[in-house]
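Asks: Provided below are the primary sequence and the corresponding predicted coordinates.
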Amino acid sequence: MTGFEPGDAVVLSYYSCRACGTCERGHPAYCERGYAGNFSGARPDGSFPMRWRGAPIRSGFFHQSSFATHVLAHQHNAVKVDRKAPLELLAPLGCGFQTGAGAVLEAFKLQSGQQLAVFGVGAVGLAAVMAARVAGAASILAVDLDAGRLELARELGATDTYLATEPELTKTMLKRTRGGVDFALECVGIPQVLRQAFEVTRPLGTCGLLGLPSPEASEVTLSMTRLLFGKRLVGIIEGDADPKNFIPRMVALHAEGRFPLEKLSRSYDFEAINDAVHDMEARTVIKPVLRMHGGSTR
Ligand SMILES: [Zn+2]
């Protein structure tokens with residue numbers, strides 16, 4: 001029994017085995033077989049679903065490789081949604097949006113009245129901003145190098161925005177929040193930014209790392225003295241969210257108008273793929289989605 005039937009509409013997310021100790025504890029993002037399932041290009045048991053002239057082909061990035069008209073996915077990383085749902089908007093929910101929103105709602109479990117700071121407001125950071133507004137955050141501080149993105153962050157719920165180049169940034173943020181935020185999120189993967197996020201986290205607060213560092217710069221220096229004040233520093237994959245529950249939750253929030261994905265996403269015909277890449281590089285679109293012809297998005 002897979003729980004699916006022909007004609008179902010699905011959103012794809014990351015693979016997890018749903019049987020190991022970590023999965024059973026409700027944290028499939030840290031699945032013990034997750035690396036093999038998502039990144040090895042083979043099935044978790046080491047076999048290959050596709051061959052070319054007798055030789056195995058590595059495929060199935062994130063257990064899907066969805067950049068195609070057809071994909072081979074697993075029942076564990078497909079999430080059923082309403083057949084009439086706006087699939088072009090929902091397609092990116094399985095990774096970046098889940099990461100940002102999940103960090104706030106699942107990993108932090110941010111409560112009404114608490115404060116959040118988000119460093120880097122691309123798709124992940126903006127999803128965190130939207131989720132913090134859903135949770136009733138008292139203040140949402142957003143930091144980025146791009147003034148346009150900060151404007152969008154404000155539109156989506158940020159109460160305070162700062163250019164990352166602002167001198168004395170952490171001092172200003174500490175003053176604004178009267179000693180720091182309950183939760184801070186690093187969404188860019190840069191050691192200096194993680195340090196800033198840690199510094200603006202108040203005693204007993206939690207600083208979460210979402211950004212993927214480059215292998216050349218993945219070490220960070222932090223004040224052990226400040227850490228002693230009950231601060232927590234935690235790495236978070238995929239928002240520590242279970243896509244089977246969390247994607248439907250985001251879909252429902254979107255339907256209620258509380259998770260306005262349409263403000264972050266723009267769809268392009270596949271033939272306009274160069275425009276999509278251009279707009280992404282020019283930072284005029286947050287999340288470009290390609291519409292395939294022949295194959296259907298429905
Ligand atoms: Zn597992």
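Replies: That came through, no problem.

Asks: which bits of the chain sit near the ion?
Replies: The chain comes close to the ion at residues S16, C17, C20, C23, C31, as judged by Cβ under 5 Å from the ion. The way it works is simple: take the backbone N, C-alpha and C, and place the C-beta from them, glycine included.

Asks: burial count for the residue in the stretch 151-298 of the chain that the ion sits nearest to?
Replies: For the stretch 151-298 of the chain, the residue closest to the ion is D242, as judged by Cβ to the ion, at 11.2 Å. The local packing of D242 (other Cβ atoms under 10 Å) involves 21 other residues.

Asks: can you pull the pLDDT of it?
Replies: Listed pLDDT for D242 reads 98.

Asks: cool, the one 3 residues further on as well?
Replies: Among the per-residue scores, N245 holds a pLDDT of 97.

Asks: before we move on, which element is it in?
Replies: Taking DSSP states H and E as the definition, N245 sits inside helix 243-255.

Asks: tell me the strands beside the helix or strand following that helix, with direction?
Replies: Heading C-terminal from helix 243-255, the first helix or strand you meet, by DSSP H and E, is strand 265-269. Strand 265-269 has its sheet partners listed here by DSSP bridges as strand 287-291 (parallel).

Asks: now do the partner strand: distance to the chain's middle.
Replies: In terms of Cα atoms, centre = their mean, to the nearest Å, the centre of strand 287-291 is found 16 Å from the chain centre.

Asks: first vs last residue of stretch 36-45, how far apart are they?
Replies: This stretch, stretch 36-45, spans 8 Å end to end (Cα to Cα, to the nearest Å).

Asks: tell me which residues of it are tucked away?
Replies: By neighbour count on 16 or more other Cβ atoms under 10 Å, the buried set for stretch 36-45 is A36, G37, N38, S40, G41, A42, R43, P44.

Asks: strands of the stretch 1-150 of the chain, start to end?
Replies: 9-12, 51-52, 55-56, 78-81, 115-119, 139-144 (DSSP state E, counting those that start in this stretch).

Asks: same check on the stretch 151-298 of the chain?
Replies: Using DSSP E, counting those that start in this stretch, strands in the stretch 151-298 of the chain cover 160-163, 181-186, 201-209, 232-235, 265-269, 287-291.

Asks: what does the helix holding N245 rub up against?
Replies: 11, 13-14, 28, 77, 79, 81-82, 85, 89-90, 93-94, 97-98, 101-102, 105-106, 134, 239, 259-261 (Cβ atoms under 8 Å, 6 or more residues apart in numbering).

Asks: what about it, distance to the chain center?
Replies: The chain centroid and the centroid of helix 243-255 are separated by 13 Å under Cα atoms, centre = their mean.

Asks: can I get it in PDB? Just the C-alpha atoms.
Replies: Presented in PDB, the C-alpha positions along helix 243-255 are these (Å, rounded to 0.1, in the frame of the first residue of the first chain):
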ATOM      1  CA  PRO A 243       6.900  16.800   4.700                       C
ATOM      2  CA  LYS A 244       4.000  14.400   5.100                       C
ATOM      3  CA  ASN A 245       2.500  16.800   7.700                       C
ATOM      4  CA  PHE A 246       4.200  20.100   7.000                       C
ATOM      5  CA  ILE A 247       3.600  20.400   3.300                       C
ATOM      6  CA  PRO A 248      -0.200  20.100   3.800                       C
ATOM      7  CA  ARG A 249       0.100  22.700   6.600                       C
ATOM      8  CA  MET A 250       1.800  25.200   4.300                       C
ATOM      9  CA  VAL A 251      -0.800  24.400   1.600                       C
ATOM     10  CA  ALA A 252      -3.600  25.200   4.100                       C
ATOM     11  CA  LEU A 253      -1.900  28.400   5.200                       C
ATOM     12  CA  HIS A 254      -1.500  29.400   1.600                       C
ATOM     13  CA  ALA A 255      -5.200  28.700   0.900                       C
END
